[in-house]
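Asks: dropping a prediction and its sequence here:
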Amino acid sequence: MHSIRFRYMVFLALLLVLLLLLLNTYPVIFSRDAVFEEKRSSMNTQAALLASSLAGLEQLNEAAIAEVLTFLDLSGYERVAVVDERGALLYDSSGSQLDMGDIRRALEGRTVFRSRFSEAAFFSSLAMPMSDQGELAGAVFLQERDTERAEGIWTVQRHLRTLSLAIGAAALVISGLFARLVTRRIATLVSSMRTVAGGDYRYRHTIRGRDEISELGEELNQLTERLESNENERRRFVADASHELKTPLAAIRLLSDSIVQSEGMDADTMREFVSDIGEEAKRLQRTTEKLLTLSRFDDKVSFVPEPVDLKQTALDTLTLLSPLAQEKRVRLRSELADGCVVMGSRDDTGHILYNLIENAIKYNVPEGSVTVRLSAGETQVTLCVEDTGIGIPEADRPYIFDRFYRVDKARSREAGGSGLGLSIVHDAVLAHGGSITVGQNKPQGTVFTVRFPRPTSEETGI
């Protein structure tokens, strides 16, 4: 498996090779083609001038051609040759063997230009037909060897090659240092991830810079904070749940041991002990059921939403809790509007109303009251549960939805509370897409306000 650094360096090296090849070839090709075009134009002009001058001679022979060449000053060409219309050589400034291929093409009426570039020179030649009053009179041939231009281009090529090697080496060194810096930061980030994965949620990655790697580090720290918070909540939840379950279990064990060890216990005392065991068992069952309900919300177990009439649910809950209200000497009042329908679970909305009204009754004062209000707006349905009880101190309000949190621990235990009811309410409201807030009732007491999204008639089918 190749590292990112290795792949980056290979990619950069290939890119540099491609760029340097272009840098070393394109300027040479461009310069060469420019010289070719210049040679074509220049030699074409000179050949046309020579052909025109020779066509005007009365007699075309070597002496006359030499005189014209002296006048035109074509000394810059390596070779000048002239042939008649039959291809017979009339003049040749060089004594070497002459290739007649291009000249024969010129005698066919075509102008033939050739140019070749090498390290030594530009080798260029041009053959052009010569005519006299529209009749083919022969052909002229020019050949040039330009070493000065070739040397200039090759000098530029050597300088480009040297510069390319220097740029390539510098780019590789700088890129290697940059890649090492980046991969070192990535390695540090990976090391931090492994530390967090090992369970050290107090660890925080050190952030340097403001680039994408820094953003990853910030995301890791935020994730670690959430993991630490969840872990602390889990440990606290386990400890509190263990404590809540241990208390009724200890009471059951103590009562059962008392029954076993008391051989002469009378029937009334025995019945009282058994009754107490039953109450503790019910308390244990209630706590277990609440824990299972919270676990269901934590696992985000989905439910099939159905239309739920909150008014009817509230009336059923008030009827169910009226004996408790009579026992506590608390008056129940309701102001329930029609049309308060939400999409949700009947059981969960029942839990919401039951827990809120039950708490309002339990933590009220004698001759106090509990008022349940329901109203429907255009986009939401609002449920308010108001009581005239002991109230919740402002400092405790941010924590009342935490699991096992009790404002007055002694009174909560006396009332049979486990500290889970409001947590269930909070999670159930969120599962229905709603919100819940708590405030102070005037002149005393507490008011809980729950807002549910109001469905459309298409959603409810009503």
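Replies: Yep, it's here. Residues are numbered from 1 along each chain as shown.
Asks: show the residue spans covered by the strands in the stretch 201-350 of the chain.
Replies: With DSSP state E, counting those that start in this stretch as the criterion, the stretch 201-350 of the chain has strands at 306-309, 330-336, 341-344.
Asks: which of the ones you listed is buried the deepest?
Replies: strand 341-344 (a mean of 22; mean count of other Cβ atoms under 10 Å). No exception for glycine: its C-beta is placed from N, CA and C like everyone else's.
Asks: show residues contacting it.
Replies: 303, 305-310, 349, 381, 432, 452-455, 459-460, 462 (Cβ atoms under 8 Å, 6 or more residues apart in numbering).
Asks: of those, which belong to helices?
Replies: 310, 349, 459, 460 (DSSP state H).
Asks: let me know the closest of those to residue 154.
Replies: residue 459 (82.2 Å; Cβ to Cβ).
Asks: near the closest one, how many other residues are there?
Replies: 14 (other Cβ atoms under 10 Å).
Asks: got a pLDDT number for it?
Replies: With respect to pLDDT, residue 459 scores 71.
Asks: leaving aside the residues next to it on the chain, what's closest to it?
Replies: residue 343 (5.8 Å; Cβ to Cβ, 6 or more residues apart in numbering).
Asks: dig out what that neighbour forms beta bridges with.
Replies: Here residue 343 sits in beta bridges with residue 307, going by DSSP bridges.
Asks: any regions of the stretch 201-350 of the chain where pLDDT drops low?
Replies: 233, 236-248, 250, 264, 283, 286-287, 289-303 (pLDDT under 70).
Asks: coming back round to it: now list the buried members of the ones in helices among the contacts of strand 341-344.
Replies: Among the ones in helices among the contacts of strand 341-344, those buried by neighbour count (16 or more other Cβ atoms under 10 Å) are 310, 349, 460.
Asks: how much space between the last one and residue 16?
Replies: The reference is to residue 460. Here residue 460 is placed at a distance of 67 Å from residue 16 (Cβ to Cβ, to the nearest Å).
Asks: do the same with the first one
Replies: For residue 310, the distance to residue 16 equals 71 Å [Cβ to Cβ].
Asks: that's a strand at residue 91, yeah?
Replies: Yes: using DSSP: H, G, I helix; E, B strand; the rest coil, the assignment for residue 91 is a strand.
Asks: isn't it right up against residue 65?
Replies: Yes: assessed by Cβ atoms under 8 Å, residue 91 is found in contact with residue 65 at 4.1 Å.
Asks: between these two, which contacts overlap?
Replies: In contact with both residue 91 and residue 65: residue 82, using Cβ under 8 Å, 6+ apart.
Asks: now do the strands in the stretch 51-200 of the chain.
Replies: Counting by DSSP E, counting those that start in this stretch, the strands of the stretch 51-200 of the chain are 79-84, 89-92, 112-117, 122-132, 135-146.
Asks: among the ones you listed, which is nearest residue 156?
Replies: Per Cβ to Cβ, nearest to residue 156 of those: strand 112-117, 13.1 Å.
Asks: how far off strand 135-146 does that closest one point, in degrees?
Replies: 10 degrees (axes from the mean of the first three to the mean of the last three Cα atoms, to 10 degrees).
Asks: mind starting the numbering at 33 from now?
Replies: Got it, the first residue is 33 from now on, which makes the last one we talked about strand 144-149.
Asks: and strand 144-149, how far out from the chain's middle?
Replies: Distance of strand 144-149 from its chain centroid, counting by Cα atoms, centre = their mean, to the nearest Å, is 58 Å.
Asks: what does it contact?
Replies: 64, 67-68, 71-72, 75-76, 134, 137-138, 154-159, 182, 185.
Asks: show me the domain layout of the protein.
Replies: Segmentation of the chain into domains, based on automatic domain parsing, reads 36-185, 244-329, 334-492.
Asks: return the most buried member of those domains.
Replies: By mean count of other Cβ under 10 Å, those have domain 334-492 as the most buried, with a mean of 17.
Asks: distance from the chain centre to that domain, please.
Replies: 41 Å.
Asks: now do stretch 149-160
Replies: Using Cα atoms, centre = their mean, the offset of stretch 149-160 from its chain centre is 60 Å.
Asks: what about it, how long is it end to end?
Replies: Distance across stretch 149-160, first residue to last, is 22 Å (Cα to Cα, to the nearest Å).
Asks: do stretch 113-122 as well
Replies: 8 Å.
Asks: per-residue pLDDT, residue 392?
Replies: For residue 392, pLDDT reads 91.
Asks: identify the residue nearest it in space, chain neighbours excluded?
Replies: residue 419 (3.8 Å).
Asks: so how far is residue 357 from that neighbour?
Replies: Counting by Cβ to Cβ - residue 419 and residue 357 are separated by 11 Å.
Asks: okay, and the common contacts of those two?
Replies: With Cβ under 8 Å, 6+ apart, residue 419 and residue 357 have common neighbours 393, 402.
Asks: got CSV for the strands of the stretch 83-232 of the chain, with distance to residue 220 and mean pLDDT too?
Replies: Shown next, in CSV, are the strands of the stretch 83-232 of the chain (distance: least, Cβ to Cβ, whole Å; pLDDT from 0 to 100):
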stretch, distance to residue 220, mean pLDDT
strand 111-116, 73, 89
strand 121-124, 80, 88
strand 144-149, 55, 88
strand 154-164, 59, 88
strand 167-178, 62, 88
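Asks: out of these, which comes closest to residue 408?
Replies: Closest among the strands of the stretch 83-232 of the chain, using Cβ to Cβ: strand 144-149, at 90.5 Å.
Asks: and the closest one with strand 154-164, angle?
Replies: Using the same axes, to 10 degrees: strand 144-149 against strand 154-164 is 170 degrees.
Asks: partners of strand 144-149, with directions?
Replies: Here, using DSSP bridges, strand 144-149 pairs with strand 154-164 (antiparallel).
Asks: and the partner strand, how far from the chain's centre?
Replies: On Cα atoms, centre = their mean, the centre of strand 154-164 falls 67 Å from that of its chain.
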